[in-house]
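Trainee: how does the following fold in three dimensions:
(one chain, ligands or ions: 1)
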Amino acid sequence: MSGRHKVAVLPEGTVSDEAVRYLFRGQDVEFVYCKMISDVFQSTDAGRTDWSVIPIENTIDGSVSLHMDWLVHEVDLPIRAEWIFPSIQNLIGRTRELAGEHGKWDPAKITKVFSHPVAMAQCHDFLRAKLPHAELDTLPSTSEAVRLVHENPGRGWAAIGTHLAAANFGLDILEAGVTDHDNNFTRFLLVGAAPYEGPDASRRKTSLLITLPEDYPGALHQVLSAFAWRKVNLSRIESRPTKKRLGSYYFFIDVELSLDTVLLPAAISEIEAIGCQVRILGSYPSIPYEA
Ligand SMILES: O=C(O)C(=O)C[C@]1(C(=O)O)C=C[C@@H](O)C=C1
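Mentor: Sure thing, here's the model as predicted:
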């Protein structure tokens, strides 16, 4: 595809937006903001954009299962790159509306908190300790939550979201950094038909989706040993339902090796020889994060 690349991503001011700006810093790309993650996937699937930005795993909340399932069942978009980005969440609202006697926000004045479910889960301890009385409501993104609070003054509403969203909607940071741990990162995937052309990374990975044969005792052990005896490192193994039958699962396996090496195709052939189905989800650079 020629010309300026287009990247589908959740709305401006989301963590995904911050992360994609970081990945493409200094490069001439066009961001196409989509309200829902389904629109992010479908935009590239339908060819309207070259890539989609998909949050896939978080330090505190683990894998984003919904997005993993979309990658497998709904679209066929190869993974082109992965990178991590800090997920810094803040309590956002209007200080003037929510302040107590001392001018600081007063938890008792907050009736409802909005956010994306994954962002909300990252702030579980804070919400339980400081706002146990508040109703929690989830939305398709953190910036959508901030927008809702912006449009509804005087109701005691607050949002969990980024500094960028608070600034975009002219709201205040009531409390900064409210995630359960400071060292909170989200891993993102760039998926789509176009190869990623950014600066190359020395670390490469390959993601595989493996379906085990039925009635083959020890099949998972054999799969793992095909990697183990070749001393191939796996950075993640995760099971998800095939959605066809109760108890039937795929295994997502991230291998710390490019598909261009001799070892990995040999391991895949060995795994297929025992009757497993192997789908290659992508072989891609793992871009390091530099603070
Ligand atoms: O709502 C956002 O800000 C997003 O970018 C979405 C999302 C996610 O889907 O996991 C991405 C990263 C954050 O850690 C929390 C939420």
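Trainee: where do the strands sit along the stretch 1-150 of the chain?
Mentor: Along the stretch 1-150 of the chain, counting by DSSP state E, counting those that start in this stretch, strands occupy 5-9, 29-33, 51-58, 62-63, 79-86, 90-93, 112-115, 135-138.
Trainee: excluding its backbone neighbours, what's nearest V53?
Mentor: The shortest distance from V53 to any non-neighbouring residue, by C-beta to C-beta, 6 or more residues apart in numbering, is to V9 (4.2 Å). Where C-beta positions appear, they are placed from N, C-alpha and C, glycine not excepted.
Trainee: quick one: residues contacting that neighbour.
Mentor: S16, D17, V20, F31, V32, Y33, C34, V40, S52, V53 (C-beta atoms under 8 Å, 6 or more residues apart in numbering).
Trainee: which residues of the stretch 101-250 of the chain fall in helices?
Mentor: Along the stretch 101-250 of the chain, counting by DSSP state H, counting those that start in this stretch, helices occupy 117-122, 124-130, 142-151, 163-168, 219-228.
Trainee: centre of the chain to the last one, how far?
Mentor: Spelled out, that is helix 219-228. Here the centre of helix 219-228 is set off from its chain's centre by 28 Å, with C-alpha atoms, centre = their mean, to the nearest Å.
Trainee: if we look at it, which residues are touching it?
Mentor: By C-beta under 8 Å, 6+ apart, helix 219-228 touches 210, 212-213, 233-234, 237, 251, 253, 255, 267, 270-271, 274-276.
Trainee: same check on stretch 279-291?
Mentor: Residues contacting stretch 279-291 (C-beta under 8 Å, 6+ apart): 22-23, 71, 78-86, 185, 189-191, 196, 198-201, 203-210, 252, 258-260, 268.
Trainee: please repeat the previous calculation with a cut-off of 7 Å.
Mentor: 23, 71, 78-85, 196, 198, 200-201, 203-209, 258-259 (C-beta atoms under 7 Å, 6 or more residues apart in numbering).
Trainee: any of those buried? List them.
Mentor: 23, 71, 78-85, 196, 198, 201, 204-209, 259 (16 or more other C-beta atoms under 10 Å).
Trainee: let me see the contact set for the residue in the stretch 151-291 of the chain that the ligand sits nearest to.
Mentor: Proximity of the stretch 151-291 of the chain to the ligand (C-beta to the nearest ligand atom) peaks at T186, 3.8 Å away. By C-beta under 7 Å, 6+ apart, the contact set of T186 is V15, A19, P55, N58, I84, F85, S87.
Trainee: mind running it again at 6 Å?
Mentor: P55, N58, S87 (C-beta atoms under 6 Å, 6 or more residues apart in numbering).
Trainee: what about the nearest residue to S239 once chain neighbours are set aside, distance to E238?
Mentor: Once flanking residues are discounted, S239 sits nearest to Y249: 4.3 Å by C-beta to C-beta, 6+ apart. As defined by C-beta to C-beta, to the nearest Å, Y249 lies at a distance of 10 Å from E238.
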